[in-house]
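**Q** Only the shape, not the letters, is given here:
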């Protein structure tokens, strides 16, 4: 029973922290058309940059891997007796 109570307490603490963090950011609603337009423009610019980056990554040739050299793993030469 202690483990269940502890798990519930931790979960509630995490949810409380998340709710507090959301109100701390100062997220507000605006009906000002200029602000709405500015936010929409920034969102469109961000989306366009993400799409361009994804397209560039898709068109780039895959990175080539170097072959492992066996020179580094050879046993040391035996000394002449």
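**A** That came in fine, so what should we check first? Just so it is clear, the model here is predicted, and its values are computed rather than measured.
**Q** max-length helix in this protein?
**A** Longest helix in the chain by number of residues (criterion: DSSP state H): helix 33-59.
**Q** tell me the mean pLDDT over it?
**A** Averaged across helix 33-59, the pLDDT comes to 90.
**Q** What of stretch 4-15?
**A** Rounded mean pLDDT across stretch 4-15 is 82.
**Q** residues of it that come out buried?
**A** Residues of stretch 4-15 classed as buried by neighbour count (16 or more other C-beta atoms under 10 Å): none. Using the backbone N, CA and C atoms, a C-beta is placed for each residue, glycine as well.
**Q** For residue 57, grab the count of nearby residues.
**A** 8 (other C-beta atoms under 10 Å).
**Q** With residue 54 instead?
**A** Neighbours of residue 54 using other C-beta under 10 Å come to 10.
**Q** got the contact list for it?
**A** Under the criterion of C-beta atoms under 8 Å, 6 or more residues apart in numbering, the contact list for residue 54 is empty.
**Q** where does residue 61 fall, helix, sheet strand or coil?
**A** coil (DSSP: H, G, I helix; E, B strand; the rest coil).
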